[in-house]
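Undergrad: Using only what follows, build the 3D model:
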Amino acid sequence: MSTRLEKLRDQVVVVTGAGSGMGREISLLAARHGARLAISDVNAAGLAETVDLLERGGAAEVRSDRVDVSDRQQMVDWAAAVAAQFGTVTMVVNNAGVSYAGDVEEMTYDDLDWILGINFMGVVHGTKEFLPHLIASGNGYVVNVSSLFGLISIPGQSAYNATKFAVRGFTEALREEMIVNRHPVSVTCVHPGGIKTGIARNGRKVAGTDVQATDDFFDQKLAKMTADKAARIILEGALARRPRQLVGLDAHLLHQFGRITGARYQDVVARVAGRMAPGKSIV
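TA: Next up is the predicted model:
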């Protein structure tokens with residue numbers, strides 16, 4: 001048992017996107033180490049499954065709410081209700097996220113608004129609304145989930161890249177602000193590589209995409225790490241107050257590749273992706 005995770009005992013941990021994948025596993029892991037949980041998801045059925053798992057696992061206290069993180073008023077109301085019930089908030093994990101695959105020239109503005117609202121504004125809402133409570137706790141943690149695609153770009157993922165680079169910039173500046181203002185809140189930006197979750201399969205694609213081939217490519221070629229292993233790395237990194245937490249060998253390798261090659265990494269990625277991605281060919 002991790003000594004670091006024991007810091008979660010009796011603390012209040014907020015997790016968005018807790019109805020599946022990493023959000024569910026983060027919630028379960030935190031509960032196993034004695035945390036009290038406030039969890040949300042837009043998927044009521046998935047959220048109910050997570051609650052059932054938490055209760056059967058003996059979670060100390062669980063509050064669950066169906067919340068759309070892109071809806072500002074819902075997030076305002078949820079944060080207020082959580083603070084009123086628990087009296088304090090120690091950690092917020094802004095994990096909720098979606099995917100949208102396809103080239104820029106084929107994207108629709110409606111789908112762009114959708115992914116920006118969830119992946120970026122959802123993180124902004126969760127951070128803004130819980131931050132006063134984290135500061136008041138005297139020992140708070142903000143954990144914002146970006147992506148490997150918040151470190152390097154990938155063709156066909158420009159919308160997803162945009163949101164995850166935005167999360168990175170927002171989170172790194174927030175950390176600097178906490179230091180400048182001497183607030184007792186640590187801030188961690190998380191960059192997972194390929195994790196075995198349903199984000200790609202449940203995401204949106206531009207019209208004309210071979211959906212089955214695209215989903216199979218992600219599941220079989222890219223998603224290498226299990227969500228429960230990723231959850232442990234994320235929570236341990238946050239509790240160690242790391243500014244940046246990479247998750248997975250692919251995240252570490254490609255991050256270093258981008259640093260070494262500079263902007264020229266784009267040419268290499270374009271050629272490799274063109275050969276590997278379904279329906280693409282670059283010679």
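
Undergrad: residue contacts, residue 137?
TA: If you count contacts by Cβ atoms under 8 Å, 6 or more residues apart in numbering, residue 137 has them with 88, 89, 90, 184. In short, each C-beta sits where N, CA and C put it, glycine included.

Undergrad: how many other residues sit next to the second one?
TA: It refers to residue 89. Neighbour count for residue 89, taken as other Cβ atoms under 10 Å: 26.

Undergrad: so it sits right up against residue 82, yeah?
TA: Yes - with the criterion set as Cβ atoms under 8 Å, residue 89 and residue 82 qualify as a contacting pair; they are 6.4 Å apart.

Undergrad: list residues touching both of the two?
TA: Common contacts of residue 89 and residue 82 (Cβ under 8 Å, 6+ apart): 12, 14, 38, 130.

Undergrad: show me what contacts the residue nearest to the first one when sequence neighbours are not counted?
TA: Distance criterion Cβ to Cβ, 6 or more residues apart in numbering; nearest residue to residue 12, sequence neighbours excluded, is residue 86 at 4.6 Å. Shown in contact with residue 86 (Cβ under 8 Å, 6+ apart): 12, 36, 38, 61, 63.

Undergrad: What's the local residue count around residue 151?
TA: Residue 151 is surrounded by 23 other residues when neighbours are defined as other Cβ under 10 Å.

Undergrad: hang on, the earlier thing: weed out the non-buried ones from the contacts of residue 86.
TA: For the contacts of residue 86, a neighbour count by 16 or more other Cβ atoms under 10 Å gives the buried set as 12, 36, 38, 63.

Undergrad: Secondary structure element holding the last one?
TA: Assignment of secondary structure by DSSP states H and E places residue 63 within strand 62-66.

Undergrad: May I have the strands that pair with that strand, each with its orientation?
TA: For strand 62-66, the paired strands and their directions (DSSP bridges) read strand 36-41 (parallel).

Undergrad: ok, now how distant is residue 159 from residue 204?
TA: When Cβ to Cβ, to the nearest Å is the yardstick, residue 159 and residue 204 sit 9 Å from each other.

Undergrad: Give me the common contacts of those two.
TA: Counting by Cβ under 8 Å, 6+ apart, the contacts common to residue 159 and residue 204 are 100, 111, 115.

Undergrad: Could you list which of those residues belong to strands?
TA: Among the shared contacts of residue 159 and residue 204, DSSP state E puts residue 100 in strands.

Undergrad: can I get the shared contacts of residue 159 and residue 204 in JSON lines with pLDDT and neighbour count?
TA: As requested, the shared contacts of residue 159 and residue 204 are exported to JSON lines (pLDDT from 0 to 100; neighbours: other Cβ atoms under 10 Å):
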{"residue": "100", "pLDDT": "92", "neighbour count": "23"}
{"residue": "111", "pLDDT": "95", "neighbour count": "18"}
{"residue": "115", "pLDDT": "97", "neighbour count": "21"}
